[in-house]
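> next comes the sequence, and after it the predicted model I'd like to discuss.
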Amino acid sequence: MLSILRPGAVVLALFLAIAGPPEAAAAEADPFKSEIDSFLGQIETATNGVLKWQGSEKFEVREEAGGSIAVLTNARLMITAPERSEAVFDRIEIRRQAEADGKHVKMTLGFPPHSTLKSADGTEVKLTLTDATASAVIETQSGRARETALSFAGARLAQASSGSWINFGPLSLSSKLAGAADGSWTAPVDFELKAVEFFFPQGPFGGVIERIGYSSHTAGPSLAEFDKLRDRIAALRTDKNAEPQAHPEVLLAILGDMPAAFSRLDGEVSAAGVAVRAPTGQPLVAVTKASLAVALTGLSSEAAALRVTVRHDGLKLAPSLIEEAKVPHRVVVDLGLENISTAVIRSLVEIAGETGKNASDKDKQHAMQQAMGAAAMLNPVFRIYHAALDTKEVGVDATATVKGSPLSPKGYSAEGDVAVRGVDALPPLLGSVPFSGYLPLLKEIGSEGAGADGSPRIKFHLASAPQHWITINGNDVSVWFADDKPEPGRARLLRPAQPPMRGEDVRAVQRALAAANIAVAQDAVYDPATAVAVARFQKQNGLAVTGVVDAATRQKLALAPPPGGGPPSGRQN
């Protein structure tokens, strides 16, 4: 299945070779041929050795009105991973035209309609392309690409030996690096692939994807700084003589220069109309839409922000794969970090650069101390902008904000809101998750409300701050995690635990609850039902609703502390 996908990667690699910056061309009689050789020779560097240009049987160049044309016959690329194979293109035509401004040239590449990929064992994959072209507008002086484009009306990959095939297209890809009068720059990228159909007998399965898309927007305050950064990265990738140990240090230096070149990096990849079927036609997987988006902003300012969003809608899975009730047909995870000090990040990068291979142990220790001091100055804000999960019977929506760190209580605070649909249907989904049996207690603490769609919800407001580390709807439930050992002269806190707490003190509480007309088993086990009964009693009597028998609850239940403190005699956990 992997082998049938590789020809598409080869097409893109050829395009990237045309779009990438060339090495300086040798002073030959035909500079265009030298220029092309330089372009194609960079494929190995651009793909870290995965693809290698092997040359062509013929390489003809002719001049026509408006430019030069090169024709490569039986052009070959070697693919080294995941297994060694060779791609052969019957004919590739490359046209070079000077732009009107005299500062740029446009390179246009025409792909052949038929190509072949042959693996080491002789297996062949046929690639068919319809109206496939790629182009790049390149600065004549620097060799940097400013505009790139790739498109085809349709494509097919087919492996006769296995019967596997993929049809896809149309496809379009475009990017443009544009400078502004103030020296800043933007570089939008747009990619769209439609009508993907596939079948893999080895699965066996087939299916369709209506659309795959990618869009990104990158920008920065200085095009000159961005070009310098590109040159440094290109030099690092082509410097085969550099010691591998030196690369991390160079990369750290490049990372430190990024804020001067970038102000924004964001992108989103998405897929729509995904359907996977068994050979019988039985639906296996279907997704209406899925996407992943990442945005990094503010790099060139005092504070940066990072946001990551993952979502899918309309997921359906065959019952043979998972029970229908457990299918998360909608999921949203939208997280972010705000107020990230770029000065501190730069300091951390500089400090990391001081711990190279020539640094002494003393220098490394000093750098570590500096890094810890710099990190302590970070005060980011973590946000859950939206987290959601919906199954047939259960739905959860949440938002949250965390400021500071609980490891450094000064300035720390956190709060969030959670709304749950179908609380009673949660236990089968959670299975043997610890404390899942205490969900009825949470329901008792929660408040009733409605979701945006009008469906009934149980709502929770969670907060955390020094002295009150966990509160739910204003009730401090930190006592759930209190020490079991009571202070002398005091009864122990009866609270949710796994395994449940046991003892005659539990039975005494159960009896008192029964006397207060709250039904509960008299079995001396502080199980979820008993905790819910306690919470109900607390709610009726204006106490903090925690499901924990603390001093105030014991007093309201008219329970005297046991003689000498601690739990009464009897079974205890």
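Looks like it came in fine.
> name the residues of stretch 289-304 that are buried.
By neighbour count with 16 or more other C-beta atoms under 10 Å, stretch 289-304 contains the buried residues 289, 290, 292, 293, 295, 296, 297, 298, 299, 300, 303, 304. Bear in mind the C-beta positions are built from the backbone N, C-alpha and C, glycine included.
> TSV for those, including pLDDT?
Formatted as TSV, these follow (pLDDT from 0 to 100):
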residue	pLDDT
289	98
290	98
292	98
293	98
295	96
296	92
297	91
298	89
299	83
300	81
303	89
304	89
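> please enumerate the helices of the stretch 201-350 of the chain.
Listed in chain order, the helices of the stretch 201-350 of the chain (DSSP state H, counting those that start in this stretch) span residues 223-238, 246-261, 342-353.
> weakest of these by average pLDDT?
For these, mean pLDDT drops lowest on helix 246-261, to a mean of 63.
> pretty sure residue 213 is touching residue 194, no?
No - applying C-beta atoms under 8 Å as the test, residue 213 and residue 194 come out as separate, 9.1 Å apart.
> can you give the distance from the host helix or strand of residue 370 to the centre of its chain?
According to DSSP states H and E, residue 370 maps onto helix 361-376. How far helix 361-376 lies from its chain's middle: 30 Å, per C-alpha atoms, centre = their mean, to the nearest Å.
> ok, now stretch 527-537?
With C-alpha atoms, centre = their mean, you get 41 Å for stretch 527-537.
> next one: stretch 512-532
46 Å.
> stretch 532-544 now?
With C-alpha atoms, centre = their mean, you get 43 Å for stretch 532-544.
> so what touches that stretch?
Contacts with stretch 532-544, where a contact means C-beta atoms under 8 Å, 6 or more residues apart in numbering, come from 440-441, 444-445, 475-476, 494, 509-510, 513, 516, 518-520, 545-550, 552-553, 556-557.
> buried ones in that stretch?
Buried residues in stretch 532-544, counted by 16+ other C-beta under 10 Å: 532, 533, 534, 535, 536, 537, 538, 543, 544.
> quickly list the domain ranges of the chain.
With domains defined by automatic domain parsing, the chain comprises 1-139, 177-378, 400-476, 478-556.
> what would the ones you listed look like in JSON lines with distance to residue 146?
Output for these, formatted as JSON lines (distance: least, C-beta to C-beta, whole Å):
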{"stretch": "domain 1-139", "distance to residue 146": "5"}
{"stretch": "domain 177-378", "distance to residue 146": "5"}
{"stretch": "domain 400-476", "distance to residue 146": "42"}
{"stretch": "domain 478-556", "distance to residue 146": "59"}
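> quick one, helices of this structure?
2-19, 31-41, 43-46, 223-238, 246-261, 342-353, 361-376, 426-430, 439-445, 504-515, 528-540, 551-556 (DSSP state H).
> residues in contact with residue 137?
Residue 137 makes contact with 99, 104, 105, 106, 145, 146, 147, 148 under the criterion C-beta under 8 Å, 6+ apart.
> test my guess that the last one contacts residue 174.
Yes - with contact defined as C-beta under 8 Å, residue 148 counts as touching residue 174 (7.0 Å).
> which stretches of the stretch 451-573 of the chain have low pLDDT?
For the stretch 451-573 of the chain, the stretches with pLDDT under 70 are 483-489, 561-573.
> the strands in the stretch 101-250 of the chain, which residues?
104-110, 114-119, 124-130, 133-139, 145-152, 154-159, 164-168, 171-176, 178-179, 185-200, 205-220 (DSSP state E, counting those that start in this stretch).
> list the contacts for residue 54?
76, 77, 78, 86.
> for residue 78, see how far away it is.
5 Å (C-beta to C-beta, to the nearest Å).
> what touches both of those two?
Contact criterion C-beta under 8 Å, 6+ apart; residues shared by residue 54 and residue 78: residue 86.
> for the stretch 1-150 of the chain, which spans come out with low pLDDT?
1-30, 38-48, 81-82.
> repeat that for 90
By pLDDT under 90, the weakly predicted segments of the stretch 1-150 of the chain are 1-112, 114-125, 127, 133-148.
> can you check the stretch 251-400 of the chain too?
251-263, 279-281, 298-304, 320, 325, 340-380.
> all strands in it, in order from the N-terminus.
Using DSSP E, counting those that start in this stretch, strands in the stretch 251-400 of the chain cover 264-277, 283-297, 303-313, 316-317, 330-341, 381-390, 395-405.
> can you list the strands that the fifth one pairs with?
The pairing partners recorded for strand 330-341 under DSSP bridges are strand 303-313 (antiparallel), strand 381-390 (antiparallel).
> and if you look at the first one?
When pairing is defined by DSSP bridges, strand 264-277 lines up against strand 205-220 (antiparallel), strand 283-297 (antiparallel).
> ok, residues contacting that strand?
The list of residues contacting strand 264-277 from outside it, by C-beta under 8 Å, 6+ apart, reads 189, 205-220, 283-299.
> and the angle from it to strand 185-200?
10 degrees (axes from the mean of the first three to the mean of the last three C-alpha atoms, to 10 degrees).
> now do strand 264-277: distance to the chain's middle.
Distance, centroid of strand 264-277 to centroid of chain: 12 Å (C-alpha atoms, centre = their mean).
> alpha carbons of that strand, as PDB, please.
C-alpha atoms of strand 264-277 as PDB (Å, rounded to 0.1, in the frame of the first residue of the first chain):
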ATOM      1  CA  ARG A 264       3.000  34.700  12.600                       C
ATOM      2  CA  LEU A 265       2.900  31.100  11.600                       C
ATOM      3  CA  ASP A 266      -0.400  29.300  11.200                       C
ATOM      4  CA  GLY A 267      -1.900  26.600   9.200                       C
ATOM      5  CA  GLU A 268      -4.800  24.200   9.000                       C
ATOM      6  CA  VAL A 269      -5.100  20.800   7.300                       C
ATOM      7  CA  SER A 270      -8.600  19.300   6.800                       C
ATOM      8  CA  ALA A 271     -10.400  16.400   5.200                       C
ATOM      9  CA  ALA A 272     -14.100  16.200   4.300                       C
ATOM     10  CA  GLY A 273     -16.400  13.500   3.100                       C
ATOM     11  CA  VAL A 274     -14.200  10.600   4.200                       C
ATOM     12  CA  ALA A 275     -15.800   7.100   3.700                       C
ATOM     13  CA  VAL A 276     -14.000   3.700   4.000                       C
ATOM     14  CA  ARG A 277     -15.900   0.600   3.000                       C
END
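> distance-wise, check residue 381 relative to residue 402.
From residue 381 to residue 402 the distance is 7 Å (C-beta to C-beta).
> over to residue 419?
From residue 419 over to residue 402 (counting by C-beta to C-beta), the distance is 19 Å.
> so between those two, which is more surrounded?
Taking other C-beta atoms under 10 Å, residue 419 and residue 402 do not tie; residue 419 has more neighbours (21 against 18).
> report the beta-bridge partners for the closest residue to that one other than its chain neighbours.
Nearest residue to residue 419 in three dimensions, chain neighbours excluded: residue 457, at 4.3 Å (C-beta to C-beta, 6 or more residues apart in numbering). Counting by DSSP bridges, residue 457 is bridged to residue 449.
> residues contacting residue 457?
395, 419, 420, 421, 448, 449, 450, 451.
> what about 7 Å?
Counting by C-beta atoms under 7 Å, 6 or more residues apart in numbering, residue 457 makes contact with 419, 420, 421, 449, 450, 451.
> from residue 297, how far out is it?
Per C-beta to C-beta, residue 457 is found 33 Å from residue 297.
> please apply the same query to residue 120.
47 Å.
> now residue 106
33 Å.
> which residues are contacting stretch 187-207?
The contact list for stretch 187-207 (C-beta under 7 Å, 6+ apart) reads 1, 162-177, 208-218, 275-279, 284.
> perfect, I'm done here.
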